[in-house]
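Trainee: Sequence first, then the predicted structure, then my questions.
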Amino acid sequence: MIRLGYACSNTQLPSAAGTCRLKNATEEAILNLSRRNLSALKQILLWNRQNGIGLYRISSETIPFGSHPVNRLPWRRLLKPEFSELGRLIRKFKLRVSMHPGQYTVLNSIRETVVAASIAELEYHAELLDALSPDAAHKIILHLGGAYGDKKSATERFIRNFEKLSPSAKKRLVIENDEKNYTVADALSAAREIRVPVVLDVFHHRCNPSLQKQGLLRILELVATTWQPQDGPQKIHYSDQKKGGPPGSHSDSIDAAGFKRFYRCIRHLPLDIMLEVKDKEQSVLKLYRRIPTLDLKNNQQHKFQAFCRTP
DNA sequence: CCGCGTCAAGTTCAT
DNA sequence: ATGAACTTGACGCGG
């Protein structure tokens, strides 16, 4: 059973990532923006449900300056009704959500201030997901970080700093291979040490390959061993190279023919596939048209519900 | 009112 | 040394 999802925004609906400039970041502005973002998030999740989309990445900007000292709001308490309603929605419709901190979250930095800010950012992500659901299948996906010319000691630093995270952040953390520094093999060896799952980014893997004796299916199997029952179904990321763009940049839309070839190889697996493209939900709908069995509206929901843990 | 330069934050790589 | 690119738009100032 395959499910598709998209990241952070819907091209047809109001943004759920409204923010403001630091100099305007009063508590009132932050609270208003947070309310607006949670309301927009609700509309997106409802839209997803109506359109048979069970997977979605929540924007890191949902609570503006979520981990920044300027934000001293007890936002989780103030917005408890909103979070409860969203949580009910997610449970009722068996939706799966995730988050993906941006490039400034570098848990293995050589600078202590950067590590501290990264831990704060990860704790913010964990707290937001906790406010929605205690289910550990709602993940925080992170890259290993910088290489600093010495991946071995950089990875050791990542592992040391991971140990400083709260239980909630730890149970949600997943590491992803990247297009420059850390291959799938690198991510797997780090993940085995700290017992977290790995998200295989198929496109990054093509840019920055490893385990070249193994086919993609065998690599998916290897990565699958890092996912435990409480982690939910294995997740992967899928995107295409932007034509004429710099290597590693994401295309505007998913190439349906290419995806169809990929799908034929993996359709027997229980995978949640996050598409990373500019046109967001449009690519999901396009693939639903090309591959109707993917459309959850055409599917018996209980099939994939069996793979979802109920909290 | 609109367009486009800028935005909290880090790291890497090209020029 | 400087700046673009990567997750990504959206803010909001200046004309």
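Mentor: Right, received. Where do you want to start? Numbers count the residues shown, from 1 in each chain, chains lettered A, B, ... in the order given.
Trainee: from here on, contacts and neighbour counts on C-alpha atoms
Mentor: Noted.
Trainee: Spell out which residues of chain A are next to DNA strand B.
Mentor: Within reach of DNA strand B by CA under 7 Å from any atom of the strand, chain A has these residues: A:20-23, A:61, A:64-68, A:102-106, A:109-111, A:114, A:145-149, A:180-181.
Trainee: List, out of those, those positioned next to DNA strand C.
Mentor: Within the set of the residues of chain A next to DNA strand B, contact with DNA strand C (CA under 7 Å from any atom of the strand) is found for A:C20, A:R21, A:G102, A:Q103.
Trainee: Spatially, what comes nearest to the third one if we skip its sequence neighbours?
Mentor: Okay, so that is A:G102. The shortest distance from A:G102 to any non-neighbouring residue, by CA to CA, 6 or more residues apart in numbering, is to A:S60 (7.7 Å).
Trainee: May I ask you to confirm that that neighbour is in contact with A:Y104?
Mentor: No: counting by CA atoms under 8 Å, A:S60 does not reach A:Y104; the two are 11.7 Å apart.
Trainee: higher neighbour count, those two?
Mentor: More crowded of A:S60 and A:Y104, by other CA atoms under 10 Å: A:S60, with 21 against 11.
Trainee: quick one: contacts for that one?
Mentor: Residues in contact with A:S60 (CA atoms under 8 Å, 6 or more residues apart in numbering) are A:A17, A:M99, A:H100, A:P101, A:G102, A:H125.
Trainee: would a markdown table of those with secondary structure be doable?
Mentor: Output for those, formatted as a markdown table (DSSP: H, G, I helix; E, B strand; the rest coil):
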| residue | secondary structure |
| --- | --- |
| A:A17 | coil |
| A:M99 | strand |
| A:H100 | coil |
| A:P101 | coil |
| A:G102 | coil |
| A:H125 | helix |
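Trainee: which of these tops the neighbour count?
Mentor: A:H125 (30 neighbours).
Trainee: buried ones in stretch A:3-13?
Mentor: Of all the residues in stretch A:3-13, those buried under the rule 16 or more other CA atoms under 10 Å are A:R3, A:L4, A:G5, A:Y6, A:A7, A:C8, A:S9, A:N10.
Trainee: before we move on, what about stretch A:169-177?
Mentor: In stretch A:169-177, counting by 16+ other CA under 10 Å, buried: A:A169, A:K170, A:K171, A:R172, A:L173, A:V174, A:I175, A:E176, A:N177.
Trainee: residues in contact with the nearest residue to the third one once chain neighbours are set aside?
Mentor: In space, A:K171 comes closest to A:A136 once its chain neighbours are excluded; the distance is 6.1 Å by CA to CA, 6+ apart. Contacts of A:A136 were listed using CA under 8 Å, 6+ apart, and they are A:K171, A:R172, A:Q230, A:D231, A:G232.
Trainee: All set now, cheers.
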